[in-house]
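Enquirer: sequence? don't have it. structure:
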């Protein structure tokens, strides 16, 4: 869209763009670049695409998981989450860049994270268990567990953001609509009952639903 400045149009109009340069009005055409992209440029593009596709189905979880740190920096939770995964949770070289699920961090914070995590498949979903002991200085028995199952084949996720209390030591993530024999990547976190503090997420491993 072009705007008028001293009766001279500035901005984009059709396939041209006009702007002031060294006190003079310059108009140039807008074309499609035919220059071949370098391997580095292609790798950056693929990393961005892979990261975005992974984060999209887990975004409600991410918004909770990065809310505390995002508030400190006055930004949206998806921004630090995207930066972390783009830099740290990918593997491989272009054109075969993939998510490194063991390095995924769906929540980020200083609350003590789950320890001694075990997972098992049950009839209605995935059973998670953890060490229920409480660190009196940093955690509380009312901390709640957050559980997530990510299905790489369908790029979908099922999760709970307010599960059992820390002291209970176990909880069940119900799986409702995913087809059987699907591979899932599993994650666990703790969040305080006030929602003002959260732990780093823990990669719990893989199971086939």
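Expert: Ah, there it is. Worth saying up front: this structure is predicted, and the values here are computed from it rather than measured. Numbering: from 1, shown residues only.

Enquirer: which SS state does the residue minimising distance to the centre of the chain fall under?
Expert: In the chain, the C-alpha nearest the mean C-alpha coordinate belongs to residue 55, at 4.1 Å (Cα atoms, centre = their mean). Following DSSP: H, G, I helix; E, B strand; the rest coil, residue 55 is assigned to helix.

Enquirer: that one: what's it in contact with?
Expert: 62, 78, 81, 82, 85 (Cβ atoms under 8 Å, 6 or more residues apart in numbering). (Each C-beta comes from the backbone N, C-alpha and C, glycine too.)

Enquirer: out of the residues you listed, who's the most crowded?
Expert: Highest neighbour count within the contacts of residue 55: residue 81, with 26 neighbours (other Cβ atoms under 10 Å).

Enquirer: so that residue sits against residue 64, correct?
Expert: No: between residue 81 and residue 64 there is no contact under Cβ atoms under 8 Å: 10.7 Å.

Enquirer: and the helices in the protein, which stretches?
Expert: In the chain, helices defined by DSSP state H lie at 39-55, 59-65, 67-73, 78-88, listed in chain order.

Enquirer: in JSON lines, list these along with mean pLDDT.
Expert: Shown next, in JSON lines, are the helices of the chain (pLDDT from 0 to 100):
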{"stretch": "helix 39-55", "mean pLDDT": "93"}
{"stretch": "helix 59-65", "mean pLDDT": "97"}
{"stretch": "helix 67-73", "mean pLDDT": "90"}
{"stretch": "helix 78-88", "mean pLDDT": "96"}
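
Enquirer: now render those helices as JSON lines, adding distance to residue 178.
Expert: Formatted as JSON lines, those follow (distance: least, Cβ to Cβ, whole Å):
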{"stretch": "helix 39-55", "distance to residue 178": "17"}
{"stretch": "helix 59-65", "distance to residue 178": "16"}
{"stretch": "helix 67-73", "distance to residue 178": "27"}
{"stretch": "helix 78-88", "distance to residue 178": "22"}
